[in-house]
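Student: sequence first, predicted model second:
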Amino acid sequence: MRKLIILFSIVILKAEAQTSALQLADSLYLHGNYTKAIEAYKAHSNQEDVYQNIAKAYIALGNYDEALLNYENSLKANPKDALVLFDYGKLLARVKKYKQALEVFYQLIDIDYKNPNYHYESGLVLQQLGDSTDQNRFRNAYDLDNTHQKAIFQIAKFHLIKRHHAVVDKYVDIGLNSYENNKELISLKAQNFYWKEDYESAAKWFEKLIELNESSQFIHEKLSFCYSEIHEVEKAIEQQLLALKYEPKNPKNLFILGQLYERVSDYENVVKYYKESIEIQDIPLDHEYIKLATAYNLIDKQKEAIDAFKRAIDENPNNHQAQFFLVLTLDSYYKDIDARIKLFENYKDKFPESIFISFAERKLKELKEEKHMKSD
């Protein structure tokens, strides 16, 4: 009897020691000391019990190969452990082993078809594989749980791409009904109004994103456009400036900003942003130079306007608009009437088929009459 008591006591002491060691390992893991946690787990006598824990610690360290190896060791001991399978499948997807991940998620669906997350995760993998049946899985997840925010997002995003506006509204509204501050769904709602060209409603939902501390080049660009379309130009300028903070050398956004300043007659900034846009681009820029030259004319900088029109012509010699506007600017710049007459005569000879020819002829007639009156 005494020997039995001693033996029983030893067993209890060993069990307590193992429990204590496991608690230490768990504590190290929870406090972010992952390498020490792994060492403690590996010291555990029954490794089958801690393979999953070791795998999670390796994931935290970014060592995915070791994590996969430990998940596989755990599954050798317990092939149908759903928790381990789920984590293993997600890690396989994370390291882009999509076909293996899909097999794992299909195995989980066989184990528990009514778990919406198994369908959702398999949908994500199918999406990466370019398999159009991904939507079936997202829909299954939604049917099993109509508050599944991530599944709702994937369904709504798919229909937004297809421009199925009513379907997008349906799913987004369902999602927002259970989680009103879901930023991804709010973004889809804003974009859905945007593509329906309901810019006032779109602006309200983009504003909602900003209220929720979201900020991105995409948001500010789209909100700027919405404000521009509903004639709130000052707000459009403000958002365009915010968009430029993300990409200061974006030529398109710089040019748009110049156009917005033109609408509020701030021609100094018109010139500034048109010039910045033009200097960055390496494509034919005759249109942009015409806009810049026009802005110079509006602030009485004719010499700079002349240079800009000449640059437009260098970019595209067949741009009749640039050619004619250069003549008009030179006409107002020159004092000598004969030189001014020569401008329009040369234009007529060079561009007899121009859409501006009738205007040139009328101007030429006026100049000749003016010269005749002065000579009298």
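Tutor: Arrived safely, thanks for sending. Bear in mind that the values here come from a model prediction, so they are computed numbers and not experimental data.

Student: skip the chain neighbours and tell me the closest residue to residue 247.
Tutor: Nearest non-adjacent residue to residue 247, counting by CB to CB, 6 or more residues apart in numbering: residue 217, 6.0 Å away. For every residue, glycine as well, the C-beta is placed using N, CA and C.

Student: can you name the next helix or strand after the helix or strand hosting residue 272?
Tutor: According to DSSP states H and E, residue 272 maps onto helix 267-280. Sequence-wise, the next helix or strand downstream of helix 267-280 (DSSP H and E) is helix 286-298.

Student: following that following helix in sequence, what is the next regular element?
Tutor: Following helix 286-298 toward the C-terminus (DSSP H and E): helix 302-315.

Student: number of nearby residues for residue 170?
Tutor: Using other CB atoms under 10 Å, residue 170 has 15 neighbouring residues.

Student: model confidence for it, exactly?
Tutor: Residue 170 carries a pLDDT score of 98 in this model.

Student: next one: residue 322
Tutor: pLDDT recorded at residue 322 is 89.

Student: and if you look at the one 3 residues further on?
Tutor: Note for residue 325: predicted pLDDT of 90.

Student: OK, contacts around it?
Tutor: If you count contacts by CB atoms under 8 Å, 6 or more residues apart in numbering, residue 325 has them with 290, 293, 294, 309.

Student: and it, what helix or strand is that in?
Tutor: Secondary structure from DSSP H and E places residue 325 in helix 320-333.

Student: now do the contacts for the residue nearest to residue 247.
Tutor: Taking CB under 8 Å, 6+ apart, we find residue 217 in contact with 243, 246, 247.

Student: for PyMOL, write a command that selects the buried ones of those residues.
Tutor: If you want just the buried ones from those in PyMOL, going by 16 or more other CB atoms under 10 Å, the selection is:
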select buried, resi 243
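
Student: dump the contacts of residue 217 into JSON lines; add pLDDT as well.
Tutor: Shown next, in JSON lines, are the contacts of residue 217 (pLDDT from 0 to 100):
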{"residue": "243", "pLDDT": "98"}
{"residue": "246", "pLDDT": "96"}
{"residue": "247", "pLDDT": "94"}
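
Student: can you tell me which of the contacts of residue 217 is nearest residue 140?
Tutor: Closest approach between those and residue 140, by CB to CB: residue 246, at 37.8 Å.

Student: give me phi/psi at residue 232?
Tutor: Reported as degrees, to the nearest 10, the phi and psi values for residue 232 are phi -100, psi 70.

Student: for stretch 67-83, buried residues please.
Tutor: In stretch 67-83, counting by 16+ other CB under 10 Å, buried: 67, 68, 70, 71, 73, 74, 75, 81.

Student: for the first one, give me its contacts.
Tutor: With contact set as CB under 8 Å, 6+ apart, residue 67 has these partners: 55, 56, 58, 59, 91.

Student: secondary structure class for it?
Tutor: Reducing the assignment at residue 67 to three states with DSSP: H, G, I helix; E, B strand; the rest coil gives helix.

Student: from the chain's centroid, how far away is the very next helix or strand once past the helix holding residue 325?
Tutor: Counting by DSSP H and E, the element after helix 320-333 in chain order, helix or strand, is helix 337-350. Relative to its chain's centre, helix 337-350 lies at 52 Å (CA atoms, centre = their mean, to the nearest Å).

Student: list the contacts of helix 337-350.
Tutor: Counting by CB under 8 Å, 6+ apart, 323-324, 327, 330-331, 334, 354, 356-357, 360-361, 363-364, 367-368, 370-371, 374 sit against helix 337-350.

Student: which of the residues you listed are buried?
Tutor: Among the contacts of helix 337-350, those classed as buried by neighbour count (16+ other CB under 10 Å) are 323, 324, 327, 330, 331, 354, 356, 357, 360, 363, 364, 367.

Student: and these as a markdown table, adding distance to residue 95?
Tutor: As requested, those are exported to a markdown table (distance: CB to CB, whole Å):
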| residue | distance to residue 95 |
| --- | --- |
| 323 | 60 |
| 324 | 62 |
| 327 | 66 |
| 330 | 67 |
| 331 | 69 |
| 354 | 64 |
| 356 | 64 |
| 357 | 68 |
| 360 | 69 |
| 363 | 72 |
| 364 | 75 |
| 367 | 77 |
